[in-house]
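>>> What follows is a predicted protein model with its sequence.
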Amino acid sequence: MLQRYDERNAEIRYWVNGVLRHRDEPGLSPFDSVVQGGDAVWEGLRLYDGKIFALDAHLARLRRSAKALAFADIPSDSDITRAVRETLTANDMRDGVHIRLTLSRGVKLTSGMDPRLNTAGCTLVVLAEHKPPVYDTGGLTLITASVRRPGADVLDPKIHHANLLNSILAKIEANVAGADDALMLDPRGFVAETNATHLFAVTGGELITPRTVACPEGITRDTVLHIAPNAGIPVTVRDVSLVEMYNADEVFCTGTMGELAAVTTIDGRTIGTGQSGPVTGKLAALYQEHAKTHAKPL
């Protein structure tokens, strides 16, 4: 699955520490920590009719991640919100927009790994693009990657960090195999997530989803965990084996960029009927309604 380029993004402006720049204008120092070592955290937000869904939850996760990495001078929620608002205003954006926040440790005095070289505070980047949900609603094809998701003993997944090489390596395997995305296992061999999204399986009308032992605690995932029981769909969070995914009635993935999308093939096995199923469709509609209803004005 290759995202399509939207021509409306040709002239967008992005925000770096108080300065709005054209997308073709460089705005990051080569001494910035995100350039030096991927030393940054990030969040994805979605805009619904001028409002952002789960903004507080995203900013809280960003702050937790930055604190875990011992960032100094983390900008306040109000400062970040103001930067998002200015970026959207500069681009005349109101709906069908995905926003990526990146917060790095900041600019270093000289090239090197040591955080003591960072004396200027964090760098905040706000990138907003015209981008409806990116996945094909007809169903995604996954392959299981050889690359594993690391557990907390290697790199705690509760840190929503911007070093995405683990995911990129898995995505390369999916591309080579002609699949849309890669399913990734945890170090014990249980399902973790895909290279970009969380996974749910539907079995006998009930949902199961993996524990977050080797993947972030997703905000879209948490929303599904909230709305499904209210819709009469039981949910169990536990270790899930790959074979369970093969034999599920339905499988779908969740994420801010793609919302809910059906998975119809995993490793050549057809999932259920090979089409998006009724539970997936019901929850996708409920999620969109919930997100639009509960989105927060800036």
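That came through, no problem. Numbering: from 1, shown residues only.
>>> those helices in the stretch 51-200 of the chain, which residues are they?
Taking DSSP state H, counting those that start in this stretch as the test, the helices found in the stretch 51-200 of the chain are 55-68, 77-90, 165-177.
>>> for those helices, which one sits closest to residue 292?
For residue 292, the closest of the helices of the stretch 51-200 of the chain is helix 55-68, at 13.7 Å, according to C-beta to C-beta. Quick note: C-beta positions are derived from backbone N, CA and C, even for glycine.
>>> helices and strands around whichever helix in the chain runs longest, which ones?
Scanning the chain for the helix with the most residues, using DSSP state H, yields helix 278-294. Counting by 3 or more C-beta pairs under 8 Å, 6 or more residues apart in numbering; DSSP states H and E, the packing neighbours recorded for helix 278-294 are strand 40-48, helix 219-230, strand 250-255, strand 259-266.
>>> Show me what the first one is packed against.
Applying 3+ C-beta pairs under 8 Å, 6+ apart, one finds that strand 40-48 contacts helix 55-68, strand 97-104, helix 278-294.
>>> now those as JSON lines including mean pLDDT?
Output for the helices and strands packed on strand 40-48, formatted as JSON lines (pLDDT from 0 to 100):
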{"stretch": "helix 55-68", "mean pLDDT": "98"}
{"stretch": "strand 97-104", "mean pLDDT": "98"}
{"stretch": "helix 278-294", "mean pLDDT": "96"}
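>>> And the ones you listed: which comes nearest residue 180?
helix 278-294 (15.4 Å).
>>> what does the model give residue 2 for pLDDT?
We have a pLDDT of 80 for residue 2.
>>> Assumed it was part of a strand.
No. According to DSSP: H, G, I helix; E, B strand; the rest coil, residue 2 belongs to no strand; its state is coil.
>>> follow-up on the earlier one: and among the helices of the stretch 51-200 of the chain, the most buried is which?
Highest mean neighbour count of those: helix 55-68, a mean of 18 (counted as mean count of other C-beta atoms under 10 Å).
>>> Give me the contact list for that helix.
41-45, 74, 77, 80-81, 101, 103, 122, 156, 158-161, 216-217, 219, 222, 296, 298 (C-beta atoms under 8 Å, 6 or more residues apart in numbering).
>>> Same question for stretch 152-169.
Residues contacting stretch 152-169 (C-beta under 8 Å, 6+ apart): 34, 37-43, 61-62, 64-65, 68-69, 102, 104, 145, 147, 149-151, 184, 187, 195-196, 212-217.
>>> quick one: what helix or strand has residue 215 in it?
Here residue 215 is covered by no helix or strand, with elements defined by DSSP states H and E.
>>> pretty sure it contacts residue 194?
No. Between residue 215 and residue 194 there is no contact under C-beta atoms under 8 Å: 9.2 Å.
>>> follow-up on the earlier one: got the helices of the stretch 51-200 of the chain as JSON lines, with distance to residue 281 columns?
Shown next, in JSON lines, are the helices of the stretch 51-200 of the chain (distance: least, C-beta to C-beta, whole Å):
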{"stretch": "helix 55-68", "distance to residue 281": "25"}
{"stretch": "helix 77-90", "distance to residue 281": "31"}
{"stretch": "helix 165-177", "distance to residue 281": "25"}
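>>> closest one to residue 2 among those?
Across the helices of the stretch 51-200 of the chain, closest to residue 2 is helix 165-177 (C-beta to C-beta), at 8.6 Å.
>>> for the residue nearest to residue 86 when sequence neighbours are not counted, helix, strand, or coil?
Leaving out its chain neighbours, the residue that sits closest to residue 86 by C-beta to C-beta, 6 or more residues apart in numbering is residue 15, at 6.4 Å. Three-state call for residue 15 (three-state DSSP): strand.
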